[in-house]
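> structure for this input, please:
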Amino acid sequence: MAVDPSAQGVLDLFEALEIPAFESMTPEECRNVFEELRDPNAVVAEVAKVEEREIAGVPVRVYTPEGTGPKPVLQWMHGGGWVIGSAERADPTVRELCSRSGCVVVSLDYRLAPESQFPAAVEDASAVADWLAVNAVEIGGSPALLAVGGDSAGGNLAAVISQMRPGVFGLQVLIYPSLDMTFSFPSIDTYAEGFLLTKAWMLWFRDHYLGGLDVDLKDPQISPLYASDPVLSTCPPAFVLTTGYDPLQDEGLAYADKLEANGVAVQHVHFGDQIHGFYGMPQAIPAALQALDATAQALRGELAS
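Residues are numbered from 1 along each chain as shown. Got it, this is the predicted structure:
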């Protein structure tokens, strides 16, 4: 299957811009480049309210959809390799999720590496999850109707929190998640370069997130794929989205299989002609809207009161 023409257009644009290799930049330079690549004229979904606040000491944005509550709540962690990205950068995606699913979405500005290395992001995600489990009513939600999700590095955090907080969430949403920091699956080399996310960039992310720390790369809080079967069996149902031209493809597929093998209901959606990152590019890649709709449908189905 060939790369979707819209996705190929994005790849061609990046090549034409002649942006230096991301792994050659400092984290601050990389963050600045990604901010500059934003489309200031992008159309965004309407929601009833957006509020900036702190939850358990973590800066968040709370997106409230139209209608009366209490509503399901989605805790969302943005992607960016634990190094780049922000709630502001994720705003268009989160608005779409809020509008399409009817969920209150809590989008985290968790601490980034290298300024705050592992386990800072995990601690922030855990703290917000603990708060929501007790206090979701304060934001118009229900503690009985919680989901957790994220894309890429955010999907890693969502998987980790799902394992750490059994019984709290009714669904985990994993969008092309990073699940194996040992980089031992074939796709990390098969799609090592040429499709936006590269193996070199993943190594750069890992170095900033974990470099200099005395850690085991198979620690489930780092690589949730290596959690034990008893832990995996306690995880909530999962919506797992993978893409074909993606260094992380194989670990997403493997995790979906491991969850199913441990009795967890899994809805797996595979976009074989897409690249890592397409989910956040609906203006350029129309298939992203299909992916957002599938996510919203999963949320509505699993969290229906």
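> just the element for the spatially closest residue to residue 75 that is not a sequence neighbour, please.
Counting by Cβ to Cβ, 6 or more residues apart in numbering, residue 75 lies nearest to residue 148, which is 4.6 Å off, once chain neighbours are set aside. Placement of C-beta: from N, CA and C, glycine included. Assigned by DSSP states H and E, residue 148 belongs to strand 141-151.
> quick check: next helix or strand after the worst-scoring helix or strand of the chain on mean pLDDT?
Every helix and strand of the chain was ranked by mean pLDDT, DSSP states H and E. The lowest is helix 27-36, at a mean of 92. Sequence order places strand 49-55 as the next helix or strand after helix 27-36, per DSSP H and E.
> after that following strand comes which helix or strand?
Per DSSP H and E, the helix or strand that comes after strand 49-55 is strand 58-64.
> what strands line up against that next one, and which way round?
strand 49-55 (antiparallel), strand 104-108 (antiparallel) (DSSP bridges).
> where do the helices of the chain begin and end?
Applying DSSP state H to the chain gives helices spanning 5-17, 27-36, 91-101, 120-135, 153-164, 187-190, 199-210, 229-232, 249-261, 287-302.
> TSV for the strands paired with strand 58-64, including mean neighbour count?
Listed next are those as TSV, based on neighbours: other Cβ atoms under 10 Å:
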stretch	mean neighbour count
strand 49-55	14
strand 104-108	28
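> would you list the ones you listed in TSV and tack on distance to residue 118 and mean pLDDT?
Listed next are these as TSV, based on distance: least, Cβ to Cβ, whole Å; pLDDT from 0 to 100:
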stretch	distance to residue 118	mean pLDDT
strand 49-55	21	98
strand 104-108	16	98
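> make TSV out of these and add distance to residue 62.
As requested, these are arranged in TSV below (distance: least, Cβ to Cβ, whole Å):
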stretch	distance to residue 62
strand 49-55	5
strand 104-108	5
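> which one of these lies nearest to residue 295?
Across those, residue 295 has its closest neighbour in strand 104-108 (11.3 Å, Cβ to Cβ).
> which outside residues touch the closest one?
55, 58-65, 69, 71-78, 87, 90-91, 94, 97-98, 124-125, 128, 132, 136, 139-141 (Cβ atoms under 8 Å, 6 or more residues apart in numbering).
> export that strand to PDB, keeping only CA atoms.
The C-alpha coordinates for strand 104-108 follow below in PDB (Å, rounded to 0.1, in the frame of the first residue of the first chain):
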ATOM      1  CA  VAL A 104     -15.100  17.100  28.900                       C
ATOM      2  CA  VAL A 105     -11.400  16.900  27.900                       C
ATOM      3  CA  VAL A 106      -8.700  17.700  30.300                       C
ATOM      4  CA  SER A 107      -5.500  18.500  28.300                       C
ATOM      5  CA  LEU A 108      -2.300  18.400  30.300                       C
END
